[in-house]
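Undergrad: Sharing a model that was predicted from the sequence below.
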Amino acid sequence: MSLFLWGLVIIFAGGLASLFSGRKPGLATFLGSVSAVVGSVVAVVPAFKVLLTGSTESLRLNWSVPSGSFFIQIDPISALFLIPILGLTAIAAIYGAEYLWAYREKKNLGVPWFFYNLLLAGMMLVVVARNGLLFLVAWEIMSLASFFLVTFEYEKPMVRQAGWIYLIATHIGTAFLIVFFILLGHQAGSLDFDKVSAIPSSLASILFVLAVIGFGTKAGFMPLHVWLPYAHPAAPSHVSAVMSGVMIKTGIYGLVRALTILGMPPAWWCWALIAIGAVSGVLGVLFALAQHDLKRLLAYHSVENIGIITIGLGVGLLGINMNSPTLAILGFGGGLLHVINHAVFKGLLFLGAGSVLHSSGTGHIDLLGGLIKRMPVTAFTFLVGSIAISGLPPLNGFISEFLIYLGVFKNGFAGGFESIIPALVVIGSLALIGGLALACFTKAFGVIFLGEPRSEHAKQAHEIGFFMKSSMVILAAFCVLLGICSPLVIKSAENVIFEITSIPLETIQTELAATSAVLTNIVIISLVLLGLTATFAVLRKLMLSTRGIREVGTWDCGYARPDARMQYTAASFAQPLTDLFKMFLRSLKKISPIKDIFPAQSAFHTDTSDISEKYMYQPLFSWVSSSFSRLRWLQQGRLQIYILYIAMTLWILLIWKLM
Amino acid sequence: MIILKFANPVLGLVIAPFLLSVINRTKAAFAGRTGQPLLQPYYDIWKLLRKGAVYSRTTSWVFRVGPLLGLAVTLTAALLMPFGGLPSAVSFNGDLILFVYLFGLMRFFTVISAMDTGSSFEGIGASREVTFSALSEPALLIGLAAIAKCTGYISLTQMFSSVVPGLWLNSGPALVLAGVALLIVFLAENCRIPVDDPNTHLELTMIHEVMVLDHGGPDFGFILYSAALKMWLLGQILIGIAVPIHTGNILLDTSAAIVGMLLLAVVVGIIESSMARLRLLHVPQLLIGATTLSVLALVLR
């Protein structure tokens, strides 16, 4: 525990020092990034220890705040979330050191580094806090620090709008959490998590709904996700990586923690989680397909992956409800492993997007092309991330999805309709998500990195520097390692699953050993696959060594002068799918078709705005503002009247208390 | 016995191209033609493997990796598949999921190899490929889940070895529904009519053929070979359900399965001769229909 606190102190002190040395960009960058890396390395030691041994470390200090106490604890669940938080934030800090350097003349670099380290400290506190009030304070630190990071380029109107949307959305979520903790504390008589005992089932269901809305807003469940597609593109890329890779996972953490507190789940909770996961997953990837901006596309993919994680949690909960240990272990195992996997590959992809943005100056997919020749390392690592996020073997994304599938195939058909229908939803939605994610990432990778450059932006692109490159290579290596070492990785989840499900540890170990054996087979198959590919490569080399290899232009069906603008665009690539699902997407199309014998210029434009923003939030907020405008008469703008209000309130309170 | 475990990939390498000949001959018989020599697909592959290579200037290493990975994937997937009396080399719980996702990896690389050329025709083909495969994936996985539920096993080897005549009596309707759904997926994934026409001559109307337009020489040979193997492997799922012959005699069981595969090729030939290709806009309806059949098969008791 002391190492954890030391890490926290190093991170916070480094951020503060960076803030005060803002005049010297070099020093501020050094202090901010190095303290983030060093602090993370120090703090990750106890997290690994707790995860592997299953022990628990706690610390309780008195705090002079009503019903608050500084009660923190690292248990296996906290440790599981701490490891990606610390790991990804440290790697992204290395990247950010170079990425932010471009802004050194326009901006004070101390400020983003201070908030970056504060965000890290906030996230660390969120996952170890064991007191409702402390949790909410940490939650607010995290939300506000990330708000200031999102609005780093506040001179752009788009960024300011994104910042406001994020600030409002996150506080709506927090409002639900406050109610959640008040109800919980009222029942238990204390806000400390360990004081909570048997909750009556009606209250538990209310608390479950509050937790799903409150934590779901942070995690990005459909339709609460509206802030993600704004905030992620607006933030600097290493911050987007952290926000999407780990910060939204604190929402998942909160939900898991709430589930451990709330006791035995009724069946409808499981169905609700599976349904939320399936809807978020499928709609997330569909909206991603329709995007033209790379970072916005990736933001929608976060919604998709949160959906997959939630499906896993729902399956696990169903296992508890149906008293089926296999289903519970594999569901939670897959869902939680996906938390780590998504942190790795989504972090990698956002960093890759940042590199593209950094070197070409645009994130508009249809303006790019051919970057694989100019940025080979970025292209290769982005390809690794794309394969991983599409859930394809042999990389890590496949493993976690496989575990969820395996659970459902193994034990999902045992019961009657109550289990077959959820199993059907899980298999169908995971399969559809997989197919659509493949479509989306062949589109993103293919249009951005392959073919010919479509604009001057793409032509001027160049490979990025050492720090940015190496942080992406590290993450890409983790995508491979977490896939190849999955038989070992999954065994380390036993303590976490025990903590969540309370299934006897021996049962968990037996099940995970069987799973580990299955994963070993998958790894062997993957190695055979790589070996065969290498063999064929050598074979082809031998075959071609004595024959001619010619280079010509791409076959264009005899057209005389091919042009880079004739290439298929991302919008056209996705069009069959976006048309097929237009009832959900409701894209706006503007077409000025070709007319006359000698056609002049024509144009085609599509815009896919978010349905939940357009049909849910906008009507809601305009209703709120119009109903509040009826109370305008209260707002007179005179100080005397306001003092009167205060006095009246005090009087009423006094009378109420006396009665 | 260890040799038997690797017999399916080898058998695939030997017989798979022959399925194309059978389809071709069936179509020729319907059209009143003689048809090409029975060994023509082998000649084609052999001819291509002896050629030099021509690469587009636009392409990168992705274009060169695609065909290699495609062939490697099909051979690796063959390690998971039992065939008649032949066991699979590797068998474990949930291998059917890996089997399906390996083909996803192959598709990923076929698609990005196509996009690597920067050709708009290949972009069209790639776009259609990802659209239709995204829709056929649920049908395939739910169909396999339905068979898994009927047999009670979730590894390909155990699943197909427990499809016996008795099971057909018990859960015949579910197997028929799943079989029809998987047949549609088989046709779509192998680019046959009614989804794609391998003999079409206009780039604008192609799906799979247009994606490999720029490949030539040994690379194209690899692609043709892996396409034949893919048909061989996906066909084995259908044969696994439709030919419930498990006498214990390896030679007899495997011969029955091979005869089944050849009959499947004849069926494909008949379908291709008797119906036209669907309009591209109607293909999704067919695939969603297949998914519905799979769902019914899973829900049916």
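TA: Yes, it's here. Numbering: from 1, shown residues only, chains lettered A, B, ... in the order given.
Undergrad: Show me how far stretch B:219-229 is from its chain's centre.
TA: Distance, stretch centre to chain centre, for stretch B:219-229: 12 Å (CA atoms, centre = their mean, to the nearest Å).
Undergrad: what mean pLDDT does that stretch have?
TA: Stretch B:219-229 carries an average pLDDT of 94.
Undergrad: And the contacts of it?
TA: Contact with stretch B:219-229 is made by A:536, A:540, B:12-13, B:16-17, B:19-20, B:41, B:44-46, B:48-49, B:51, B:53, B:64, B:67-68, B:70-71, B:73-75, B:78, B:106, B:190-191, B:208, B:212, B:215, as judged by CB atoms under 8 Å, 6 or more residues apart in numbering or on different chains. Backbone N, C-alpha and C define where each C-beta goes, glycine included.
Undergrad: can we see that at 7 Å?
TA: Applying CB atoms under 7 Å, 6 or more residues apart in numbering or on different chains, the contact partners of stretch B:219-229 are A:536, B:12, B:16-17, B:19-20, B:41, B:44-45, B:48-49, B:53, B:67-68, B:70-71, B:74, B:78, B:212, B:215.
Undergrad: got the contact list for the closest residue to A:K107 other than its chain neighbours?
TA: Excluding the flanking residues, the one nearest A:K107 by CB to CB, 6 or more residues apart in numbering or on different chains is A:F152, at 7.4 Å. A:F152 sits next to A:P112, A:A235, A:P236 when contact means CB under 7 Å, 6+ apart.
Undergrad: Could I get the contacting residues of the last one?
TA: For A:P236, the residues meeting the contact criterion (CB under 7 Å, 6+ apart) are A:G96, A:Y99, A:L100, A:P112, A:F152.
Undergrad: count of residues packed around A:M322?
TA: Neighbours of A:M322 under the rule other CB atoms under 10 Å in any protein chain shown: 19.
Undergrad: how close does it get to A:G263?
TA: A:M322 is 16 Å from A:G263, where distance means CB to CB, to the nearest Å.
Undergrad: Likewise for A:Q291?
TA: Taken as CB to CB, the span from A:Q291 to A:G263 is 41 Å.
Undergrad: Which positions in the stretch 101-250 of chain B make contact with chain A?
TA: Contact residues (CB under 7 Å from any CB of the partner chain) of the stretch 101-250 of chain B with chain A: B:101-102, B:104-105, B:107-108, B:111-112, B:115-121, B:123-124, B:126-128, B:130-131, B:133-134, B:137-138, B:141-142, B:145, B:148-149, B:154, B:203, B:213-214, B:218, B:222.
Undergrad: Kindly recompute the last result at 6 Å.
TA: The stretch 101-250 of chain B comes close to chain A at residues B:101, B:104-105, B:108, B:111-112, B:115-120, B:123, B:127, B:130-131, B:133-134, B:137-138, B:141-142, B:145, B:148-149, B:154, B:203, B:213-214, B:218, as judged by CB under 6 Å from any CB of the partner chain.
Undergrad: returning to that earlier point: who's more crowded, A:Q291 and A:G263?
TA: For A:Q291 and A:G263, the more surrounded residue by other CB under 10 Å is A:Q291, and the numbers stand at 24 against 14.
Undergrad: picking up where we left off before, take the contacts of A:F152 and lay them out in TSV including pLDDT.
TA: Formatted as TSV, those follow (pLDDT from 0 to 100):
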residue	pLDDT
A:P112	91
A:A235	92
A:P236	93
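Undergrad: re earlier: now do the SS call for the residue nearest to A:K107.
TA: Classification of A:F152 by DSSP: H, G, I helix; E, B strand; the rest coil places it in helix.
Undergrad: Show me where the chain dips below the pLDDT cut-off.
TA: No chain was given, so I picked chain A. For chain A, the stretches with pLDDT under 70 are A:415, A:558-561.
Undergrad: wait, I meant chain B there
TA: Using pLDDT under 70, chain B drops low at B:301.
Undergrad: give me the residue from it nearest chain A.
TA: Closest to chain A within chain B is B:G123: 2.3 Å, counting by CB to the nearest CB.
Undergrad: and that residue, what is it in contact with?
TA: Residues near B:G123 by CB atoms under 6 Å, 6 or more residues apart in numbering or on different chains: A:Y568.
Undergrad: so which helix or strand takes in it?
TA: helix B:120-151 (DSSP states H and E).
Undergrad: Specify the next element, helix or strand, located C-terminal of that helix.
TA: As assigned by DSSP H and E, the chain's next helix or strand after helix B:120-151 is helix B:156-161.
Undergrad: Pull out the buried positions in that next one.
TA: Within helix B:156-161, the residues that count as buried by 16 or more other CB atoms under 10 Å in any protein chain shown are B:L156, B:T157, B:Q158, B:M159, B:F160, B:S161.
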